[in-house]
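> make a model of this:
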Amino acid sequence: MLLPFRSHLLMFVFACSAFAQGNPEWTTNHAPFRVIGEVYYVGSKDLASYLITTPQGLILINSNLPSSVPLIRKNVEALGFHFKDVKILLISHGHWDHAAGSAEIKRLTGAKYMVMDADVPLVESGGKDDFQYGKDAGSQFPETRVDRVLHDGDEVKLGGVVLVAHKTPGHTKGCTTWTMKVREESKTYNVVIVGSPNVNTGYKLVGNAAYPAIAQDYELTFRTLNSLPCDVFLGAHGIYFGLDAKFARMKAGGVNPFVDPEGYRSYVAEREQAFRAELAKQTGR
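Reported below is the predicted structural model:
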């Protein structure tokens, strides 16, 4: 289901400001649950974190805030897994709300941290390299060393699970959308975990000295997102894919509501329209 534009607009106003760090939807825990196959949700009510289980250990996508780490650990263990079995740590992009807990998770688990090439300077500088928020102390976080630099199309493999890293830049220079295939009841599903196609408040799409190619990168992102086959629609924030409503429907039983290819297509189309409207506004066309 397509989320109303008003909801997205409100998210843009607050999602990448110091004020947003006090957003209760970011810090209030969400009950952990299995989404489909070996994919589990272990994040907060809006900051999404995903656990991928394999016979050789666990993969975690998004460390979120430093205060999120105990909640993520609690959720992982509530599902019956051991947090120390996290072998690989991935992120959707290098903003503090998705990557600030990475140093602590690495310390607790020894996980290998794998990050898209253009976001490596961002996470290793603790946010100081960010083109938009680098000078904002509230957007900075513990510097975290990257163990493997990823490139567009790279595969992350563990225990028979294969995740593909798609570079979907603009929101950050190395924003990453993850895809994988899962099997359930003899059927194969394409899972897409969207990094972020959002143009945050204050982003300069024209004449941006800190990120000259930003508009072209957003164009690349939408070409990539439109090309991906999607059955199961997930993302870096719960609001992207209607987490609350779908979770309620899942608890009620019936068809898995996270299988939502139409919702994915509608979301990408609406975000692309919003990008093009903002670009036209900034170019005066």
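> tell me the first helix or strand C-terminal of the helix or strand harbouring residue 98.
According to DSSP states H and E, residue 98 maps onto helix 96-99. Of the helices and strands lying after helix 96-99 in sequence (DSSP H and E), the nearest is helix 102-109.
> helices or strands up against that following helix?
helix 68-78, strand 86-90 (3 or more C-beta pairs under 8 Å, 6 or more residues apart in numbering; DSSP states H and E). For glycine as for every other residue, the C-beta is placed from the backbone atoms N, C-alpha and C.
> can you get me a residue count around residue 36?
17 (other C-beta atoms under 10 Å).
> tell me the bridge partners for it.
residue 39 (DSSP bridges).
> just the pLDDT at it, thanks.
We have a pLDDT of 98 for residue 36.
> need the residues that contact the helix holding residue 98.
Residues outside helix 96-99 that contact it (C-beta atoms under 8 Å, 6 or more residues apart in numbering): 15-16, 20-21, 26, 47, 62-65, 91-93, 122-123, 127, 133, 139-141, 144, 236.
> so how far is it from its chain's centroid?
On the basis of C-alpha atoms, centre = their mean, to the nearest Å, helix 96-99 sits 9 Å off its chain's mean C-alpha point.
> now that helix: buried residues?
96-99 (16 or more other C-beta atoms under 10 Å).
> try stretch 174-189
Quick answer for stretch 174-189 (16+ other C-beta under 10 Å): 174-182, 189.
> average pLDDT for it?
On average, stretch 174-189 scores 96.
> ok, now which ones touch residue 220?
Neighbour list for residue 220: 167-170 [criterion: C-beta under 8 Å, 6+ apart].
> residue 58 contacts residue 87, correct?
Yes - Residue 58 lies in contact with residue 87 (C-beta atoms under 8 Å); the separation is 6.3 Å.
> neighbour count: the two, which is higher?
Neighbour tally, residue 58 and residue 87, criterion other C-beta under 10 Å: the higher count belongs to residue 58, 26 against 17.
> tell me the secondary structure at the more buried one.
Secondary structure assignment for residue 58 (DSSP: H, G, I helix; E, B strand; the rest coil): strand.
> and it, bridged to which residues?
Residue 58 has these beta-bridge partners by DSSP bridges: residue 53, residue 86.
> so which other helices or strands are in contact with the longest helix seen in the chain?
Ordering each helix of the chain by length in residues (DSSP state H) puts helix 261-283 first. The helices and strands touching helix 261-283, judged by 3+ C-beta pairs under 8 Å, 6+ apart, are helix 5-15, helix 214-227, strand 232-235, helix 238-241.
> try it again at 7 Å.
Packing contacts for helix 261-283, counted by 3 or more C-beta pairs under 7 Å, 6 or more residues apart in numbering; DSSP states H and E, involve helix 214-227.
> average pLDDT across the helix it packs on?
98.
> just how off-centre is it within its chain?
Taking the mean of its C-alpha atoms, helix 214-227 sits 16 Å from the chain's own mean (C-alpha atoms, centre = their mean).
> if I pick the most centrally placed residue in the chain, what's in contact with it?
Most central in the chain under C-alpha atoms, centre = their mean is residue 236, positioned 2.7 Å from the mean C-alpha point. By C-beta atoms under 7 Å, 6 or more residues apart in numbering, residue 236 lies in contact with 48, 62, 92, 98, 194-196.
> was I right to think residue 102 contacts residue 146?
No - using C-beta atoms under 7 Å, residue 102 makes no contact with residue 146, being 9.2 Å away.
> now do the shared contacts for these two.
113, 123.
> who's more crowded, the two?
residue 102 (30 against 19).
> mind listing what the more buried one touches?
63, 89, 91, 113, 123, 144.
> which of these count as buried?
Buried among these by 16+ other C-beta under 10 Å: 63, 89, 91, 113, 123, 144.
> for those, which one is nearest residue 256?
residue 91 (25.7 Å; C-beta to C-beta).
> against residue 76, how distant is the closest one?
To residue 76, residue 91 is 17 Å away according to C-beta to C-beta, to the nearest Å.
> any weak-confidence spans in this structure?
Flagging of the chain using pLDDT under 70 yields the residue ranges 1-22.
> quick one on the thing from earlier: restricted to strands, list the contacts of residue 236.
Members of these lying in strands (criterion: DSSP state E): residue 194.
> which one of the contacts of residue 236 is nearest residue 109?
residue 62 (14.3 Å).
> ok, the closest one to residue 226 distance?
In terms of C-beta to C-beta, residue 62 sits 24 Å off from residue 226.
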